[in-house]
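Asks: From the sequence below, what's the structure:
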Amino acid sequence: MTEIVFPNDANPLGNAMGGRVMHWIDICAAVCAGRHARTPVVTANVDNIDFHVPVPVGGTVVLLASVNFAGRTSMEIGVKVWQEDRATGDRKHVASAYLTFVSLDPVSKAPRAVPPVLAETDEEKRRYEQGKARRAQRLAARK
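Replies: The predicted structure is shown next:
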């Protein structure tokens with residue numbers, strides 16, 4: 001997903017507001033989760049978000065999302081946010097987040113099973129294992 005920072009997206013310092021970036025992260029993750037589940041999805045959890053560099057008005061923001069892990073009815077989506085220089089294509093890391101989405105049956109709105117993540121590459125396997133570990137931490141923190 002790609003966005004341009006417009007003046008209405010900015011704080012008084014002329015940079016993208018953190019809340020606007022969080023909004024874009026949630027949308028990007030929801031599209032990713034919905035495409036994986038092929039059902040309506042809702043945000044259930046957002047892990048912490050750390051901001052690394054500001055994005056000025058006129059800047060290009062690129063968001064990349066992936067399904068890292070899927071449980072029975074929920075999925076962890078990882079989103080990485082970049083600022084991209086239009087002239088060179090160089091990117092700076094703006095923020096990252098992990099979000100949990102729950103798949104819903106379109107009629108009953110009850111949680112619905114999701115397809116498993118089929119990790120094939122070394123990178124996908126690493127993300128899968130790390131997502132599985134984060135899920136275990138989230139579940140342990142609830143108790």
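
Asks: Enumerate the beta-bridge partners assigned to the spatially most central residue of the chain.
Replies: Geometric centre of the chain, nearest residue: residue 79, 3.3 Å, by C-alpha atoms, centre = their mean. Per DSSP bridges, the residues bridged to residue 79 are residue 65, residue 97.

Asks: tell me the contacts of it?
Replies: Listed by C-beta atoms under 8 Å, 6 or more residues apart in numbering, the contact partners of residue 79 are 25, 28-29, 32, 63-65, 96-99. Every residue, glycine included, has its C-beta placed from N, CA and C.

Asks: Most neighbours of all those residues, which one?
Replies: Neighbour tally across those (other C-beta atoms under 10 Å): the maximum, 28 neighbours, falls on residue 29.

Asks: Pull out the CA atoms of the helix or strand that contains that residue and give them to me as CSV.
Replies: Using DSSP states H and E, residue 29 sits in helix 18-37. The C-alpha coordinates for helix 18-37 follow below in CSV (Å, rounded to 0.1, in the frame of the first residue of the first chain):
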residue,chain,number,x,y,z
GLY,A,18,1.6,9.0,14.3
GLY,A,19,-2.2,8.4,14.4
ARG,A,20,-2.4,8.6,10.6
VAL,A,21,0.4,6.2,10.2
MET,A,22,-1.3,3.8,12.7
HIS,A,23,-4.5,4.2,10.6
TRP,A,24,-2.6,3.2,7.5
ILE,A,25,-1.0,0.3,9.3
ASP,A,26,-4.5,-1.0,10.4
ILE,A,27,-5.9,-0.7,6.9
CYS,A,28,-3.0,-2.4,5.2
ALA,A,29,-3.1,-5.3,7.8
ALA,A,30,-6.8,-5.6,7.4
VAL,A,31,-6.6,-6.0,3.6
CYS,A,32,-3.8,-8.6,4.0
ALA,A,33,-5.8,-10.6,6.6
GLY,A,34,-9.0,-10.4,4.6
ARG,A,35,-7.3,-11.6,1.5
HIS,A,36,-5.8,-14.6,3.4
ALA,A,37,-9.0,-15.5,5.2
